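Novice: Any chance you can model this:
(chains A and B)
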Amino acid sequence: MEAKTSNRIEPNFHKDTKVTRNKKIPQKLGMYSILMIFLIISIFPFYWMFIGATNDSGKMFTNPPTLTPGDQFMKNFQNLNESINIPQVMFNSLFVSLIYVVAALAVCSLAAYAFAKYEFKGRNFIFTAFLLSMMIPYQATLIPLFRMMSELNLLNTYFAVIAPQLCYPFAIFLLRQNFLAFPTELIEAARLDGAGELKIFLQVVAPSMRPALAAASIFLFMTQWNSFMWPLVVLNDASMYTFPVALSSLMGLSYIDYGQVMMGVSIATIPIIIFFLILQKQFISGMLGSAVK
Amino acid sequence: MKKVKVMSLISIVLIISMLAACSGGSSEKTSKDDKKLTAWAWNINVPVLEAAAERFKKENPGFELEVIEIGREDVYSKLTTGLQAGGQGLPDIVLVEDDRIQGYAESYPKAFLDLSKYGFDEHKDKFPASKTDLLTVNNKVVGFPFDGGPTGVFYRSDIFEEAGVKAEDIQTWDQFVEAGKAIKEKTGKPMLGLDLNNDDGLYRMMMNQQGSLYFDEKDELTLSSQESMNAAKVIKQLKDEGLVKNTVGWDAWISAMVSGEVATAPSGAWLTGSITGQGKDTSGKWGVIPFPAFEEGGNRASNLGGSNYVIMNSTDKKQEAYDFLEFFSTDEETQLEAMKGGLFPTLNTIYDEPIFTEKQEFFSGQPIWSTFTAQMDSIPSVNYTGNYSLAMDESIKAQSESVSGKKTMKEAYKAAEKRLENRIK
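Specialist: Purely as a prediction, here's the structure:
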């Protein structure tokens, strides 16, 4: 997903397609057959997931493998709903992820803007420190964080799931690189016209940075949606579980109902697809509507 | 200005939601549900606990148990985090497997309640010695025995029939290898699936069978011991004769079994639950024989897997938790229910129930449970210790090197023992 996102921001994307359009038919044919192979490779896991979700658990282990959709869709859905209460889990995951995206985007974009466009003492030092913090393995912060949450009596709350990652160094880095490209003259012009700093950011800078903000949102959404270890450790109640934690609770020692698991995974991918489709528009509009007139 | 309004609206929503989330949190819970016990367990154990709690409630009104379903590996992540943080955020009761419990009890000596102080000793003879020995760490009883994994060789009776090999005739590992050769010759199918580079389950069962594991009772390393060489030799033989299908991971292993690509699976009794669940259309094509011995007339009992219930020392409801688990562990109805879920109870007072001698349709009419109960008292007690996972890591490396022929078997295990010695220090 990440790779796709960055590809889309590349302005060369359009030029490339034009070049290929002019090539000769055999070349095109070769090109498309290679693309087809990659398409099949990338689609197959999703197809397999769908096969698993519509078949009985044991069907995943037959030889030759079952490659056609089965008729167990409703049964798997009902079983899964009995095991993990799908609406509740979906709500938890969406609630946590959406709040996180909005809050983290606010924090990260403002931080990135400051790093890119304000001159202040120690700017580079702080920024480097931020980047270096990406190298701290998550496991190292797990226990101190857990202790902190426990002492603040915040265990088993949505807040505890959302808060620790609000300031996300990679998102700050990504946004800063984009903000750097924004012409400083425009900011100065707005300042001369008497606009406040927040107004400049919200009305002058942010609108033209939509593609970058959308890319960061998708990244943040996926990070939180797929986040497993921290929610697992900090949540103590099945009614608070997010999707990855709830799905992991289906894993037993000797028997795993793959019909249920695959159904769960299928459902869990839908919001990511929707989120991506919604924000895709932002890329395009961002690319077409330029800021400098 | 619209944007500014939107932003401020969003921040207000955020603040409210966070405040709401805080107030609805755990602080309220502890005061409200004073008498409620919480337990962490996985999968099939959850309904068993819940049903037992219902029965316990009848005689103890006001008793309340909340079971939180957590994945098996995930329980350990949470337990370790909680213990590392000094016993914070832990429940009252946790399910812990045989191969993990000594490690926890050694690394965190104050983690689990010492049950002998609460009178567990009166129940000791209701469980096999291998289990109660396992749960006695530094003279403390750290958990209630629950299920066990007496071993056997699960086999596909259809494949054996096709090859004209009689499974009941397999008494020793040598005969097992011979049978494998005959089956390979007649049907072209390998004898068993093994994940030679990632798992050493068969090696562990063979070690346990000989009364040993990675460490002997004096905590000395055993990777290069005679027992270890016996086990490694059979595994290498199987591999060299082409009787092993390399199955990477649990799913591939179980799938090879269920789809009839391999003829046998030496494993714990709990495998019954997996194959009856995963291979519904293979009913009647299965059988179980006891574990082969290393020499004629040798010990054929061993163990793989099993789990136990512990009470966390951090709970303030120790007596309540003990009373419930005492009921749970010794209640025959509960244990029989666990059996329906594919768990093999270690409570020996139920072994005279009819189910243990009943013929099982799935296993070609064989009364398989009696095969397992027969060996319960002969399972040797072994020493897991806190360094179990490090030792397993080295053992797997040695196994991989030994079967690939990179080193001779002896060299591979000697080198692994040396590495392990350094890692433990």
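Novice: Spatially central, which residue of chain A would that be?
Specialist: Centroid-nearest residue in chain A, with C-alpha atoms, centre = their mean: residue A:222, separated by 2.1 Å.
Novice: Tell me where the model's unsure across chain A.
Specialist: Across chain A, the ranges flagged by pLDDT under 70 are A:1-23, A:63, A:252-255, A:283-293.
Novice: ok, back up a step: I'd say the residue nearest to the centre of chain A and residue A:269 touch.
Specialist: No: between residue A:222 and residue A:269 there is no contact, the gap being 10.8 Å when judged by C-beta atoms under 8 Å. Backbone N, C-alpha and C define where each C-beta goes, glycine included.
Novice: just the strands in the stretch 101-250 of chain B please.
Specialist: Here the stretch 101-250 of chain B has its strands, by DSSP state E, counting those that start in this stretch, at B:136-137, B:140-141, B:144-156, B:192-194, B:244-246.
Novice: What of the stretch 251-400 of chain B?
Specialist: Secondary structure of the stretch 251-400 of chain B (DSSP E, counting those that start in this stretch): strands at B:264-268, B:286-290, B:303-311, B:344-345.
Novice: follow-up on the earlier one: for the residue nearest to the centre of chain A, give me the backbone phi and psi.
Specialist: Main-chain torsions, residue A:222, degrees, to the nearest 10: phi -60, psi -40.
Novice: can you check the one 5 residues further on too?
Specialist: Comment: the main-chain dihedrals of residue A:227 come out as phi -60, psi 130, following degrees, to the nearest 10.
Novice: ok, it touching residue A:235?
Specialist: No: using C-beta under 8 Å, residue A:227 makes no contact with residue A:235, being 11.2 Å away.
Novice: any common contacting residues for these two?
Specialist: A:161, A:242 (C-beta atoms under 8 Å, 6 or more residues apart in numbering or on different chains).
Novice: Run through the bridge partners of residue B:94.
Specialist: Taking DSSP bridges as the rule, residue B:94 bridges to residue B:40, residue B:310.
Novice: What separation do you get for the residue in the stretch 101-250 of chain B that chain A sits nearest to and residue B:265?
Specialist: Relative to chain A, the nearest point of the stretch 101-250 of chain B is residue B:250 (8.4 Å; C-beta to the nearest C-beta). Applying C-beta to C-beta, to the nearest Å, the value for residue B:250 to residue B:265 is 12 Å.
Novice: Secondary structure element holding the nearest residue to residue B:314 once chain neighbours are set aside?
Specialist: What sits nearest to residue B:314 in space, not counting adjacent residues and going by C-beta to C-beta, 6 or more residues apart in numbering or on different chains, is residue B:87, at 3.7 Å. In the assignment (DSSP states H and E), residue B:87 maps to no helix and no strand.
Novice: residues in contact with residue B:87?
Specialist: With C-beta under 8 Å, 6+ apart, residue B:87 has these contacts: B:111, B:312, B:313, B:314.
Novice: closest to residue B:216 among those residues?
Specialist: Closest approach between those and residue B:216, by C-beta to C-beta: residue B:111, at 25.4 Å.
Novice: correct me, but the closest one touches residue B:83?
Specialist: Yes: counting by C-beta under 8 Å, residue B:111 touches residue B:83, with 5.5 Å between them.
Novice: which neighbours do the two share?
Specialist: What both residue B:111 and residue B:83 touch, as defined by C-beta under 8 Å, 6+ apart, is the set residue B:104.
Novice: for chain B, what are the nearby residues on the stretch 151-293 of chain A?
Specialist: By the rule C-beta under 8 Å from any C-beta of the partner chain, the part of the stretch 151-293 of chain A lying against chain B is A:151, A:153-159, A:162-163, A:198-199, A:202-203, A:206, A:229, A:232-233, A:236-238, A:245, A:248-255, A:257.
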